[in-house]
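**Student:** Need a 3D model of the sequence below.
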Amino acid sequence: MAYDEGLAERIREALGATRSIGERRMFGGLAFMWNGHMFVGILGETLMARVGPEYYEQALAQPHVRRMDFTGRPMKGYVFVDPPGFARDADLAEWVRRCLDFVKTLPPKKPK
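**Tutor:** Numbers count the residues shown, from 1 in each chain. Predicted coordinates for the structure are as follows:
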């Protein structure tokens, strides 16, 4: 599945000069990584957001947000955000910031 390159560029712009961000193709889309942890990604035109367990229920209560369940089982701490949920650049920047803030609380992954 292809991913929305325009959305990828908007995420890059929202990240600005943030250091240590990597990009990796995964899940048939594109994932943005920090210290080996995915924090946001794109699957088609949908935003994958790693909000963490503490913010999960609050995120699901927002419009245009649903469980991330492409494996058939919901992934706790991850949500899908449909395009209307990040149509404004400020909304997308808020998702990116919140997700990056969460993964910054995690220890770096050890290289394989």
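**Student:** how about the helices in the protein?
**Tutor:** For the chain, the helices defined by DSSP state H occupy 5-15, 56-60, 89-103.
**Student:** now those helices as CSV including distance to residue 47, mean pLDDT and mean neighbour count?
**Tutor:** Where you see a C-beta, it was placed from the backbone N, CA and C, and this is true even at glycine. Shown next, in CSV, are the helices of the chain (distance: least, CB to CB, whole Å; pLDDT from 0 to 100; neighbours: other CB atoms under 10 Å):
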stretch, distance to residue 47, mean pLDDT, mean neighbour count
helix 5-15, 7, 97, 16
helix 56-60, 11, 97, 14
helix 89-103, 6, 97, 18
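**Student:** okay if I get those helices as TSV plus distance to residue 33?
**Tutor:** Shown next, in TSV, are the helices of the chain (distance: least, CB to CB, whole Å):
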stretch	distance to residue 33
helix 5-15	11
helix 56-60	20
helix 89-103	9
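**Student:** With respect to residue 23, which of the ones you listed lies nearest?
**Tutor:** Among the helices of the chain, the nearest to residue 23 by CB to CB is helix 5-15 (7.9 Å).
**Student:** what's next to that closest one, contact-wise?
**Tutor:** Helix 5-15 is contacted by residues 21, 23, 30, 32, 40, 42, 45, 47, 89, 92-93, 96-97, 100 when judged by CB atoms under 8 Å, 6 or more residues apart in numbering.
**Student:** Then stretch 64-75?
**Tutor:** For stretch 64-75, the external contacting residues (CB under 8 Å, 6+ apart) are 27, 43, 48, 59-60, 78-85.
**Student:** nearest residue to residue 102 other than its sequence neighbours?
**Tutor:** Leaving aside its chain neighbours, residue 102 sits nearest to residue 52 (4.0 Å; criterion: CB to CB, 6 or more residues apart in numbering).
**Student:** List the contacts of that neighbour.
**Tutor:** 77, 102, 105.
**Student:** could you point out where the chain is predicted with low confidence?
**Tutor:** By pLDDT under 70, the weakly predicted segments of the chain are 1.
**Student:** okay, which residue is most central for it?
**Tutor:** Central residue of the chain (CA atoms, centre = their mean): residue 40, 1.8 Å from the mean position.
**Student:** ok, it - contacts?
**Tutor:** Taking CB under 8 Å, 6+ apart as the test, what residue 40 contacts is 11, 31-32, 47-50, 95-96, 99-100.
**Student:** I'm done for today, thanks for sticking with me.
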